[in-house]
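Asks: Provided below are the primary sequence and the corresponding predicted coordinates.
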Amino acid sequence: MTSDLSRRYFLKVLAVGAATSAGALSACSGNNSGGQAEAFGDVTAGNISALLVGQVKAVPGAPVFVGRDAGGVYAMTTTCTHQGCDLATGVSSSQQAITCPCHNSVFSFNGDVETGPASTPLEHFKVDIATDGTITVHGGATVASSVRTAVS
């Protein structure tokens, strides 16, 4: 009977370990290994009324963050520049930082590297704000990290 319990315990541990590994791999499986930003076109990123100064949010369904600071609205990739992992779940408002779930690189809310292993800042994209407040991010148009779209 002891061998039966040992076998069951082994299989249970094996199943839990496989599920945990699969979850970790899916979070860290970037679209590429070079850390290049994932390509996308124009995406709607919500309304300016829902984006507070000092906030960075992942845009659902697109590999991009939208943020707002005293200078205006900006957008940057959610692809870690180290090995292409998805940063969308790594936003910490209390620390004003974005942490990679794969290798713990830390980026500022402006996309600058604060802690490696990443050595390159996050890529930024052009942003437009319509008269009704709708934010559009243009994934095909990169800009300098200092570029902001003013909020009127």
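Replies: That came through fine.
Asks: quick one, longest strand in this structure?
Replies: In the chain, taking DSSP state E as the definition, the longest strand is strand 134-143.
Asks: residues of it that come out buried?
Replies: Across strand 134-143, burial judged by 16 or more other Cβ atoms under 10 Å covers 135-139, 143. Every residue, glycine included, has its C-beta placed from N, CA and C.
Asks: in TSV, list these along with pLDDT and distance to residue 64.
Replies: Compiled in TSV, those are given as follows (pLDDT from 0 to 100; distance: Cβ to Cβ, whole Å):
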residue	pLDDT	distance to residue 64
135	98	11
136	97	11
137	97	5
138	96	10
139	93	7
143	96	13
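Asks: Serialize those to TSV and add fields for distance to residue 108.
Replies: Output for the buried residues of strand 134-143, formatted as TSV (distance: Cβ to Cβ, whole Å):
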residue	distance to residue 108
135	21
136	24
137	19
138	22
139	21
143	17
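Asks: tell me the one among these nearest to residue 110.
Replies: residue 143 (12.4 Å; Cβ to Cβ).
Asks: residue contacts, the closest residue to residue 41 other than its chain neighbours?
Replies: Closest residue to residue 41 apart from its sequence neighbours, by Cβ to Cβ, 6 or more residues apart in numbering: residue 139 at 5.4 Å. Taking Cβ atoms under 8 Å, 6 or more residues apart in numbering, we find residue 139 in contact with 39-43, 62, 64, 125.
Asks: just checking, which helix or strand of this structure averages the lowest pLDDT?
Replies: helix 2-28 (a mean of 44; mean pLDDT, DSSP states H and E).
Asks: where does the protein have low pLDDT?
Replies: In the predicted model of the chain, residues 1-35 satisfy pLDDT under 70.
Asks: quick one: the strands in it?
Replies: Using DSSP E, strands in the chain cover 42-47, 55-58, 64-69, 72-77, 91-92, 97-99, 106-108, 113-115, 124-129, 134-143.
Asks: could you dump these to CSV with distance to residue 152?
Replies: Shown next, in CSV, are the strands of the chain (distance: least, Cβ to Cβ, whole Å):
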stretch, distance to residue 152
strand 42-47, 14
strand 55-58, 18
strand 64-69, 13
strand 72-77, 10
strand 91-92, 26
strand 97-99, 28
strand 106-108, 26
strand 113-115, 32
strand 124-129, 8
strand 134-143, 13
